[in-house]
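> starting from these lines, generate the structure:
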Amino acid sequence: MKRLGDAGAVLLEVLVALTILSVGGTAAVLATAESARAVAHARERDRELRAAGAFMEVVALWPREDLDRRLGDRRQGPWVLRVDRPDRRLYVVELRDSAGTALLRTSLFRPDTTGSHVAF
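Okay, here's the model as predicted:
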């Protein structure tokens, strides 16, 4: 014959086991949701960097006159384009996102074609 205390202990063990399972299940669901958000963010960032790279490929083809016209910071679509000229033949071009984070940076050499020859 079972005692009433044994039945109560079994019920308590079942409740504890269900609580542990529900906490573990909730943690698994939250981890899965966080992983899905991280993947979506990575895909968005990849898309943004690909678009920025395509734009920088175009900028790399600009002649020095176009680069000179864009010296300093300029809004360029969803980005901020910064063009510096540390030397008369060298341009440093940086593309930043709207938060000011640098996405891409490159240096471009453009020879001086004004007629004055400078030895390298």
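
> list the contacts for G77?
Taking Cβ atoms under 8 Å, 6 or more residues apart in numbering as the contact definition, G77 lies against F55. (Glycine included, C-beta is placed from N, CA and C.)

> okay, it: pLDDT?
pLDDT, G77: 90.

> same question, the one 3 residues further on
The score at V80 is 96. That number is its pLDDT.

> can you tell me the SS state at it?
When classified by DSSP: H, G, I helix; E, B strand; the rest coil, V80 comes out as strand.

> doesn't D73 make contact with it?
Yes. Using Cβ atoms under 8 Å, V80 is in contact with D73, at 5.6 Å.

> tell me which of these two has more neighbours.
Using other Cβ atoms under 10 Å as the criterion, V80 and D73 rank with V80 on top: 18 against 13.

> what's the burial count for the closest residue to that one other than its chain neighbours?
If the residues on either side of it in the chain are set aside, V80 comes closest to R96, at 4.6 Å by Cβ to Cβ, 6 or more residues apart in numbering. The local packing of R96 (other Cβ under 10 Å) involves 18 other residues.

> for R96, which residues are in contact?
Contacts of R96 (Cβ under 8 Å, 6+ apart): W79, V80, R82, A102, L103.

> please identify the buried residues of stretch 60-72?
Within stretch 60-72, the residues that qualify as buried are W62, R64, L67, R70, counting by 16 or more other Cβ atoms under 10 Å.

> quick one: secondary structure of the third one?
Reducing the assignment at L67 to three states with three-state DSSP gives helix.

> spatially central residue in the chain, please.
R45 (4.1 Å; Cα atoms, centre = their mean).

> could you measure from that one over to T32?
In this structure, R45 and T32 are 21 Å apart, going by Cβ to Cβ, to the nearest Å.

> swap in R43?
17 Å.

> how far does the strand or helix carrying S22 sit from the chain's center?
S22 belongs to helix 4-59 when assigned by DSSP states H and E. Once both centres are worked out by Cα atoms, centre = their mean, to the nearest Å, helix 4-59 turns out to sit 21 Å from its chain's centre.
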